[in-house]
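Novice: what would the 3D arrangement of this be:
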Amino acid sequence: MNDTSNLLHSYCVNFGNNIDTCNEIANMDVDEHKPKLKIDTAYLNINLTEALGERYAELWMQSKECWQCPLQWVATVDVKKPLLTILTNTTHKTVLSLRAQSNSSTDVKEIWGMETRFGEWGEYSLLVSPGMADDTRLVIDKEPHCSNIPILAAFAVYLMLAGLWIVGKFLHRHQFHHKLRDCWQTERLVTADLGSPSAESVNSFSSTATTQRWNQRQEGHDHQLTRTRLTSLDTFRGLALTIMIFVNYSGGKYWFFRHSPWNGLTVADLVFPWFMWIMGVSMVFSLRSQRRQGTPWGQVARKIVWRSVKLFVIGLILNSGNGRNELQSLRIPGVLQRFSLCYLTIGLLAHSLHRTTDKYQLRRWASARDVLIYWLQWLLMVAVLAAYICFTFLLEVPGCGKGYIGPGGISEGGHYLNCTGGAAGYIDRLVLGENHIYGHNTAQSLYQDEVAYDPEGILGSLSSAFLVFLGVQAGRILVTYSTHGGRIVRFLAWALFTGSLALLLCGASQNDGWIPINKNLWSVSYVLSMASTAFLLLIFCYYIVDVKQWWSGAPFYQAGMNSIFLYVGSEVLHGYLPWTWQAYTESHAEYLAMHLWGTSLWLILAAYMHSAKIYFVL
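Specialist: Numbers count the residues shown, from 1 in each chain. Modelled structure (predicted):
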């Protein structure tokens, strides 16, 4: 017998049970009929250590991630089934409650409870003693493994590759290969009989000098290009796109690379808003370039509308992939559709209300002229954000009341079962129809809701547009102020301002603030917090790429210059070789390796396209 069996045997005998019964329980084959372990799961053996007669014990469980959710029945053990094995989730803490009949009553009451976080692929035994609740305990039969080791290994590999790349660039920049060749040629001259340079050596020195002169001209040309284009913007965009592709591939199937079920943030919740924010930054430079070229006002407006239409259509095409092309159930909202609507709104706003004169440049408020010049645009965008808040909290939703912004389902005792997303979900179902919105939202598996909800729905487009407008503000800082220090100080001020507002609204809490951070709703606190992190990330990229030039931005800036091609390509070819394959093992390690490989291939393709000067724009 193993340790668990010995412990079961001693429990059984100590409770005064028949020795044969105890031997039978201790010798049971625990591995028989066990469910197969999957990613983020562990075995939980429920072992009844006391004969109950006609009585029984029940195990109830719930994830701590499930906000205000009641415990759910999991299993029942009795004299007919004293040993039972189930799979339990390991991503978050779990609340366990053991309920059993008392000796004097038929009522089922809680006799034991605890909170714990199980480890992936571990094995645990809950030794149930309804007659003596103090002796009920949870023991570890098999130690779990560390599921984060593959991430550390991958980080080490990429860090080593980055180090080799830096060393290679350094050697190339300082012409070490030419110096080694020169040293070798000098050694030949010293050991030669005549000691005079050969024609080959003369050609070698001549070639070296020519190469150095060419490199000097090339470095001057590269510096001129850097001055005309901010590489940090492409680097920011490429970094956001790379993480987006990785998490869309499922990010090694780690829970923190998946979207949060409802309130809260994961890595996957960062990249989409970052991408939208940087679209606002780039919009400023695009419109300024067209004005400098003398493009007529109407032609610029038509370009904005036409690009928005193309984005929306491509988004619909992506939604129809994998056999989802029935018109009766085609999903209308989507990622590119959200980009389309926000680009249309903010693009026309920035173009129509642009000011050609800077009357505040020499006045007292010159340090804030990037805001004051466009006060009307700010007034309109604050009104848009106010409209989002009013719809969210004041719209009467049938059966749900006003102001509900929860996940529905079993949350809050199931009182809002079909109210997922409150007004946001109601508007989508009313305008688009339930068949044309996302039917498998991130809250369904945890909260067990029964209604469709789309995280890229109509109402969230209002707050998303405000986020893009904050990106426009960052772009205006870049074109209004010419000093690096002035730009960075303003970026930092905006990061602190938006971040402080976000913390105030969410109460620095996942669920208990006035307006929790919620990607599904694109809540105000979520938009402000994403703007804050975007300003900070731009400071980092701008300082080390454009100011200090410590980093070229590779391999991300090449991806940022072909972002729409890489995104659409990764969506269309997802599931095809050589990007992904059918996994041989159900493990984080293989999935992480596969998803990093697929993402890296897109970066390599982006680098090739950049070197060949191939760019796809809409």
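
Novice: elements contacting the strand or helix carrying residue 244?
Specialist: Using DSSP states H and E, residue 244 sits within helix 231-248. Contact here means 3 or more C-beta pairs under 8 Å, 6 or more residues apart in numbering; DSSP states H and E; on that basis helix 231-248 packs against helix 268-292, helix 524-541, helix 556-560, helix 563-572, helix 588-611. (Glycine included, C-beta is placed from N, CA and C.)

Novice: apply 10 Å and report the result again.
Specialist: If you count contacts as 3 or more C-beta pairs under 10 Å, 6 or more residues apart in numbering; DSSP states H and E, helix 231-248 packs onto helix 268-292, helix 460-480, helix 524-541, helix 556-560, helix 563-572, helix 588-611.

Novice: tell me the helices and strands packed up against the first one.
Specialist: Using 3+ C-beta pairs under 10 Å, 6+ apart as the contact test, the elements touching helix 268-292 are helix 231-248, helix 297-319, helix 335-352, helix 460-480, helix 524-541, helix 563-572.

Novice: just put those in TSV and tack on distance to residue 129, mean pLDDT and mean neighbour count.
Specialist: Compiled in TSV, those are given as follows (distance: least, C-beta to C-beta, whole Å; pLDDT from 0 to 100; neighbours: other C-beta atoms under 10 Å):
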stretch	distance to residue 129	mean pLDDT	mean neighbour count
helix 231-248	45	95	24
helix 297-319	54	95	16
helix 335-352	53	96	22
helix 460-480	51	96	23
helix 524-541	47	97	24
helix 563-572	54	94	19
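
Novice: how about residue 428, phi and psi?
Specialist: phi -60, psi -40 (degrees, to the nearest 10).

Novice: what about residue 280, how many residues nearby?
Specialist: Residue 280 has 27 neighbouring residues, counting by other C-beta atoms under 10 Å.

Novice: touching, it and residue 477? I think so.
Specialist: No. Applying C-beta atoms under 10 Å, one finds residue 280 not in contact with residue 477, separated by 11.8 Å.

Novice: report the inter-axis angle for the helix holding residue 244 versus helix 524-541.
Specialist: 130 degrees (axes from the mean of the first three to the mean of the last three C-alpha atoms, to 10 degrees).

Novice: could you export helix 231-248 as PDB, CA atoms only?
Specialist: The C-alpha trace of helix 231-248 is given here as PDB (Å, rounded to 0.1, in the frame of the first residue of the first chain):
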ATOM      1  CA  THR A 231      11.100  54.400 -35.400                       C
ATOM      2  CA  SER A 232       9.700  54.200 -31.800                       C
ATOM      3  CA  LEU A 233       6.200  54.400 -33.200                       C
ATOM      4  CA  ASP A 234       6.700  51.400 -35.500                       C
ATOM      5  CA  THR A 235       8.500  49.600 -32.700                       C
ATOM      6  CA  PHE A 236       5.500  50.200 -30.400                       C
ATOM      7  CA  ARG A 237       3.000  49.000 -33.000                       C
ATOM      8  CA  GLY A 238       5.100  46.000 -33.900                       C
ATOM      9  CA  LEU A 239       5.500  45.000 -30.200                       C
ATOM     10  CA  ALA A 240       1.700  45.200 -29.600                       C
ATOM     11  CA  LEU A 241       1.100  43.300 -32.800                       C
ATOM     12  CA  THR A 242       3.600  40.500 -31.800                       C
ATOM     13  CA  ILE A 243       1.900  40.000 -28.400                       C
ATOM     14  CA  MET A 244      -1.500  40.100 -30.100                       C
ATOM     15  CA  ILE A 245      -0.500  37.300 -32.500                       C
ATOM     16  CA  PHE A 246       1.000  35.300 -29.700                       C
ATOM     17  CA  VAL A 247      -2.100  35.500 -27.500                       C
ATOM     18  CA  ASN A 248      -4.400  34.800 -30.400                       C
END
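
Novice: ok, back up a step: what's the closest of the helices and strands packed on helix 231-248 to residue 85?
Specialist: helix 588-611 (22.5 Å; C-beta to C-beta).

Novice: now do the closest one, average pLDDT.
Specialist: For helix 588-611, mean pLDDT rounds to 95.

Novice: was I right to think residue 326 contacts residue 319?
Specialist: No. Counting by C-beta under 10 Å, residue 326 sits too far from residue 319 to count as a contact (11.2 Å).

Novice: what touches both of those two?
Specialist: Counting by C-beta atoms under 10 Å, 6 or more residues apart in numbering, no residue touches both residue 326 and residue 319.

Novice: circling back: wait, which of the helices and strands packed on helix 231-248 is closest to residue 422?
Specialist: Across those, residue 422 has its closest neighbour in helix 460-480 (11.9 Å, C-beta to C-beta).

Novice: which of the helices and strands packed on helix 268-292 sits closest to residue 384?
Specialist: Going by C-beta to C-beta, the one of the helices and strands packed on helix 268-292 nearest residue 384 is helix 460-480, 5.4 Å.
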